[in-house]
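> got a structure for you, letters missing:
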């Protein structure tokens, strides 16, 4: 087992880590709304001190979820007792104070009783723990202005893991997570594949780890291919129509129908998929127009905007230059098989299908399957 903390947690202000300080202290505090990163980092820290199979003798877990003052006081009292008591039949002991939810001015944490209880724990820790006792605390949030955080930050290790708020920060964090995972696991991956996986999954550290573990197992020692990613990585709900739209862009009717039926089987909403397809082809239509008017050019692996693209400023939020660069490149590439007239016809078909779904009693799945067949039928046939 590799118990080293992942390199990705050292990326400051990318949604993973606020700060990390290390001293010789045996105090560890991990907090934030990225629950998977918080718990996984704590688990690896615990594994450094507790050998596999020795958990019953060397590890004590105290649950820190509390909604009432009495529950806070009881949890803190249990933690104080745990760090003050040596383990039986073992030379060392690790205490994991887990899922603490009263280290901020919200909920039970804002009450005087909770603040006094936390201060009692601070007093005990300030006196110092025996060198063979380690305390690991995980929390959904922590007030960095309180003595509790300052004590851990000064004498131990602190790390804050938060999900990025802005889209571009989420893209950067997801790409960083993927690169770090592949580096540690020895998985060979290209920059475009990193962007592809990030676009499919988005920033969800738990799902990223699961999908990358699957890829690493599937690929083994061989270099990862685009087909491997398509076969193994499951797209998130927000990108559920991406592969379907890719199949439509390729005019691969069998593939598009199979993907659509699989999404229906997974209980994805047909109207939701249709809306995502409308957005996808709207972006394709806009980019096709930009390419035809030489506002941009598609090169190897990138989309370049020309100086005359300033005419797009009037589009404001719909300005295609605001798209993620990799997404814009992939969309522009997908327009190569369509003329602007064909894309307008597809947009009209999408609008007609949408109207029928909301105004008729025809089955939604059947309507979208007919739409797929019409889009993918061979050119030259009557439409």
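Looks like it arrived, so ask away. Just so it is clear, the model here is predicted, and its values are computed rather than measured.
> Wait, a helix at residue 297?
No. Counting by DSSP: H, G, I helix; E, B strand; the rest coil, residue 297 falls outside a helix, being strand.
> element containing residue 216, please.
Element membership for residue 216 (DSSP states H and E) is helix 205-219.
> Check which helices and strands that helix is in contact with.
Helices and strands touching helix 205-219, by 3 or more CB pairs under 8 Å, 6 or more residues apart in numbering; DSSP states H and E, are helix 35-49, helix 167-185, helix 191-201, helix 226-232. (C-beta placed from N, C-alpha, C; glycine too.)
> which non-adjacent residue is nearest residue 92?
Leaving aside its sequence neighbours, residue 92 sits nearest to residue 132 (CB to CB, 6 or more residues apart in numbering; 4.2 Å).
> What's the separation between the closest residue to residue 212 other than its chain neighbours and residue 271?
The shortest distance from residue 212 to any non-neighbouring residue, by CB to CB, 6+ apart, is to residue 181 (4.8 Å). Separation of residue 181 from residue 271 (CB to CB, to the nearest Å): 35 Å.
> Please apply the same query to residue 66.
For residue 66, the distance to residue 271 (CB to CB) stands at 42 Å.
> Between the two, which has more neighbouring residues?
Per other CB atoms under 10 Å, whichever of residue 66 and residue 271 has more neighbours is residue 66, with 22 against 15.
> Tell me the secondary structure at the spatially closest residue to the more buried one that is not a sequence neighbour.
Excluding its sequence neighbours, the residue lying closest to residue 66 (CB to CB, 6+ apart) is residue 72, at 4.4 Å. Here residue 72 takes the helix state, with states given by three-state DSSP.
> Hmm, residue 256 is touching residue 247, no?
Yes. At 3.7 Å, residue 256 and residue 247 qualify as touching, with contact defined as CB atoms under 8 Å.
> And the two? Which one has more around it.
Of the pair residue 256 and residue 247, residue 256 is the one with more neighbours under other CB under 10 Å, namely 25 against 21.
> In contact with the more buried one: list those residues for me.
Counting by CB atoms under 8 Å, 6 or more residues apart in numbering, residue 256 touches 244, 247-248, 372, 375-376.
> Which pLDDT value belongs to it?
In this prediction, residue 256 carries a pLDDT score of 88.
> Can you classify it by secondary structure?
At residue 256 the chain is in helix, as set by three-state DSSP.
> quick one, strands of the stretch 51-200 of the chain?
59-63, 93-100, 133-139, 157-160 (DSSP state E, counting those that start in this stretch).
> would JSON lines of those strands with mean pLDDT, distance to residue 224 and mean neighbour count be doable?
Below are these laid out as JSON lines (pLDDT from 0 to 100; distance: least, CB to CB, whole Å; neighbours: other CB atoms under 10 Å):
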{"stretch": "strand 59-63", "mean pLDDT": "94", "distance to residue 224": "37", "mean neighbour count": "18"}
{"stretch": "strand 93-100", "mean pLDDT": "95", "distance to residue 224": "36", "mean neighbour count": "24"}
{"stretch": "strand 133-139", "mean pLDDT": "95", "distance to residue 224": "33", "mean neighbour count": "24"}
{"stretch": "strand 157-160", "mean pLDDT": "93", "distance to residue 224": "30", "mean neighbour count": "24"}
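> Residue 348: which of those strands is closest?
Among the strands of the stretch 51-200 of the chain, the nearest to residue 348 by CB to CB is strand 157-160 (50.0 Å).
> Now do the closest one: which elements does it pack against?
Helices and strands touching strand 157-160, by 3+ CB pairs under 8 Å, 6+ apart, are strand 27-31.
> Give me the mean pLDDT for the strand it packs on.
pLDDT averaged over strand 27-31 gives 96.
> Residues that sit against both of residue 256 and residue 247, list them.
Counting by CB under 8 Å, 6+ apart, the contacts common to residue 256 and residue 247 are residue 376.
> For residue 108, find the nearest of the helices and strands packed on helix 205-219.
Nearest of the helices and strands packed on helix 205-219 to residue 108, taken as CB to CB: helix 35-49 at 19.3 Å.
> Quick check: end-to-end length of stretch 150-164?
End-to-end distance for stretch 150-164, by CA to CA, to the nearest Å: 24 Å.
> what comes up buried for it?
Across stretch 150-164, burial judged by 16 or more other CB atoms under 10 Å covers 151-153, 155-164.
> Mind jotting down where the strands sit in the stretch 201-350 of the chain?
Shown for the stretch 201-350 of the chain, the strands assigned by DSSP E, counting those that start in this stretch span residues 296-298, 303-305.
> now for those, which one comes closest to residue 100?
When these are compared for distance to residue 100 using CB to CB, the nearest one is strand 303-305, at 46.7 Å.
> what's the average pLDDT for the closest one?
On average, strand 303-305 scores 88.
> try stretch 353-370
91.
> Now do that stretch: distance from first to last residue.
Terminal residues of stretch 353-370 lie 9 Å apart, using CA to CA.
> For that stretch, buried residues please.
Neighbour-count burial for stretch 353-370 flags 353-354, 357, 364, 367-369 (criterion: 16+ other CB under 10 Å).
> Just flag the most distant two among these.
354 and 369 (14.8 Å).
> Pipe the strands of the stretch 201-350 of the chain into TSV and attach mean neighbour count per row.
Listed next are the strands of the stretch 201-350 of the chain as TSV, based on neighbours: other CB atoms under 10 Å:
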stretch	mean neighbour count
strand 296-298	16
strand 303-305	16
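> So for residue 275, which of these sits nearest?
Proximity to residue 275, assessed across the strands of the stretch 201-350 of the chain by CB to CB, is greatest for strand 303-305 (24.6 Å).
> Residues contacting that closest one, please?
Contacts of strand 303-305 (CB under 8 Å, 6+ apart): 295-298, 321, 325, 328-329, 332.
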